[in-house]
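1. I would like the atomic coordinates for the input below:
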Amino acid sequence: MSVGFLDRGRTVAPPGWSRWLVPPAALSVHLAIGQAYAWSVFKPPLEEALGLSGTQSALPFQLGIVMLGLSAAFGGTLVERNGPRWAMFVSACCFSSGFLVSALGVLSEQFWLVVLGYGCIGGVGLGIGYISPVSTLIKWFPDRPGMATGIAIMGFGGGALIASPWSSEMLDAFGTDTGGIATAFAVHGAAYAVFMSLGVWLIRVPADDWRPPAAPGAAARAARSGPPAVRVSARNAIRTPQFWCLWIVLCCNVTAGIGILEKAAPMIQDFFAGTDAPVTAGAAAGFVALLSLCNMAGRIVWSSTSDLVGRKNIYRLYLGAGALLYLALALAGNAAKPVFIVAALLLLSFYGGGFATIPAYLRDLFGTYQVGAIHGRLLTAWSVAGVLGPLIVNAIADNQEAAGRTGPDLYTLSFTIMIALLVTGFIANEMVRPVHAKHHEPEGAPV
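-> Numbering: from 1, shown residues only. This next block holds a predicted model:
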């Protein structure tokens, strides 16, 4: 693949190009990197094969999310400058090679190589791949920004829907010893390299003079979704209170969701271990896949709804209702399995919806001028949440288990902390106001 093929100028769509070909290109990358949400399937085998604690086995995932935010923040401007094809290619190389390094680490029983491969190298692939199509989609769909970003980011949430049962089947076939886990990692790396290449080939950016086709209700949707004339640079955006309010909103919403998602399989088994209907490992893997389905559905359903009701209102739902759902989990304990499952599914739909809606929220406040770079900087909130969520849940569960507690008692304190975080995020969302004109860029300013 030549460097010229990756040049931004080579990705400008010719006249007549259908903008509906762009979401599949984005999905090919996001469905692949969304494998990160299936990490909990690998946790028990890794813990047994390498003698790790729950906190230790979460390290590759945690570092991956940290690197996602950092690489998105520092690479956001490069993505805007070099274009989505370059970004998708870099993402594919890093994400796939991260699996191969991890396979070597498991095979040699060097856990630090798993952390380096999956967490550090793969995490860079996560960050660059995550933001690569966002600004492109917003430019292709200025009349439906919430729906457009929801389609792409839906793929990230749905990646585990494919990866979770696929990984479980591979572990059954190859075994859960070091050789079997290493083989599963290597197959992941090779398969995702091929799949992500489809997006690299297909992605296009609109020409400068391109305009979306007129459609009934398009003007009304555009009016509801915010003032596109706003032009705020990434440098100025981080100087505004709006940016930091949204940073808190995203961090709190992600922490609350990722705390369940990262430990989903062992959590549901722990919760109902002492009941008449314990959860098997296979059922737990199915629960992870179901969570992924709701995570994925929430990204398109709630973000599309935000085009109708507004971004602030939809975050009131994510954060306010999320706090009530965590309260229900804490109060119900293991007395009602349906309550646990329904609450967890709704929480993950809000978690996914928050990710999909945030680019459109940024577009409303800061415009499309450098929205990809601004989005990248905001994802540092995900880095913090990627450490906080698993750390809160795993560390508290480990400590409670050491104290002799079992079942829901392992997680009650964690759920209480999540309620407090969601209330904090709700308050931050209420403080968001339009960006002052002093932060706007003049027309014609270079990217």
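
2. from here on, contacts and neighbour counts on C-alpha atoms
-> OK.

3. which residues of the chain score low on pLDDT?
-> Residue ranges of the chain with pLDDT under 70: 1-3, 157, 214-229, 443-447.

4. and the residue of it most remote from its centre, how far is that from T406?
-> Relative to the C-alpha centroid of the chain, counting by CA atoms, centre = their mean, D276 is the outermost residue, at 35.1 Å. Distance, D276 to T406, by CA to CA, to the nearest Å: 15 Å.

5. And for Y351?
-> Taking CA to CA, one finds Y351 at 27 Å from T406.

6. okay, these two: which has more neighbours?
-> Taking other CA atoms under 10 Å, Y351 and T406 do not tie; Y351 has more neighbours (29 against 17).

7. Would you verify that that one is located in a helix?
-> Yes. Membership of Y351 in a helix is supported by DSSP: H, G, I helix; E, B strand; the rest coil.

8. if I read this right, it contacts L317, doesn't it?
-> No. Counting by CA atoms under 8 Å, Y351 does not reach L317; the two are 10.9 Å apart.

9. Could you look up the SS state of the residue farthest from the centre of the chain?
-> D276 ends up coil, using three-state DSSP.

10. Could you measure from it over to F42?
-> On the measure of CA to CA, D276 and F42 end up 27 Å apart.

11. Please report phi then psi for A25.
-> Per-residue torsions, A25: phi -60, psi -40 (degrees, to the nearest 10).

12. Just list what the host helix or strand of F156 packs against, helices and strands only.
-> Secondary structure assigned from DSSP states H and E places F156 in helix 145-174. For helix 145-174, the packing partners by 3 or more CA pairs under 8 Å, 6 or more residues apart in numbering; DSSP states H and E come out as helix 22-33, helix 39-50, helix 134-140, helix 178-202, helix 281-309, helix 337-366.

13. For it, buried residues please.
-> 145-165, 167-168, 170-171, 174 (16 or more other CA atoms under 10 Å).

14. Likewise for stretch 294-309?
-> 294-308.

15. Give me the distance from that stretch to the chain's centre.
-> Using CA atoms, centre = their mean, to the nearest Å, the mean C-alpha position of stretch 294-309 is found 14 Å from that of the whole chain.

16. List of residues touching that stretch?
-> Stretch 294-309 has contacts (CA atoms under 8 Å, 6 or more residues apart in numbering) with 144-147, 149-151, 153-158, 221, 224-225, 313-314, 345-346, 348-357.

17. Dump the C-alpha coordinates for it into PDB.
-> Output in PDB follows, covering the C-alpha atoms of stretch 294-309 (Å, rounded to 0.1, in the frame of the first residue of the first chain):
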ATOM      1  CA  CYS A 294     -27.500  -2.900  24.400                       C
ATOM      2  CA  ASN A 295     -24.300  -0.900  24.300                       C
ATOM      3  CA  MET A 296     -24.500  -1.000  20.500                       C
ATOM      4  CA  ALA A 297     -28.200  -0.300  20.300                       C
ATOM      5  CA  GLY A 298     -28.000   2.600  22.700                       C
ATOM      6  CA  ARG A 299     -25.400   4.300  20.600                       C
ATOM      7  CA  ILE A 300     -27.700   4.600  17.600                       C
ATOM      8  CA  VAL A 301     -31.100   4.800  19.400                       C
ATOM      9  CA  TRP A 302     -30.200   7.400  22.000                       C
ATOM     10  CA  SER A 303     -27.900   9.500  19.800                       C
ATOM     11  CA  SER A 304     -30.600   9.600  17.000                       C
ATOM     12  CA  THR A 305     -33.100  10.600  19.700                       C
ATOM     13  CA  SER A 306     -30.800  13.500  20.700                       C
ATOM     14  CA  ASP A 307     -31.300  15.000  17.200                       C
ATOM     15  CA  LEU A 308     -34.900  15.400  18.200                       C
ATOM     16  CA  VAL A 309     -34.800  16.300  22.000                       C
END
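
18. Could you shift the numbering so residue one becomes 867, and keep it that way?
-> Okay, using 867 as the starting number, the last item reads as stretch 1160-1175.

19. picking up where we left off before, looking at the buried residues of stretch 1160-1175, spot the one nearest P890.
-> I1166 (14.0 Å; CA to CA).

20. and the closest residue to the closest one other than its chain neighbours, what does it touch?
-> Excluding the flanking residues, the one nearest I1166 by CA to CA, 6 or more residues apart in numbering is G1016, at 4.4 Å. Going by CA under 8 Å, 6+ apart, G1016 touches 1165-1167, 1169-1170, 1219, 1222-1223.

21. And Y1058, by the same measure?
-> Per CA under 8 Å, 6+ apart, neighbours of Y1058: 898, 958, 962.

22. which one of the residues you listed sits closest to G993?
-> A958 (11.1 Å).

23. just checking, what packs against the strand or helix carrying that closest one?
-> Per DSSP H and E, A958 falls inside helix 950-973. The contact analysis (3+ CA pairs under 8 Å, 6+ apart) places helix 950-973 against helix 869-872, helix 888-899, helix 977-980, helix 988-997, helix 1044-1068.
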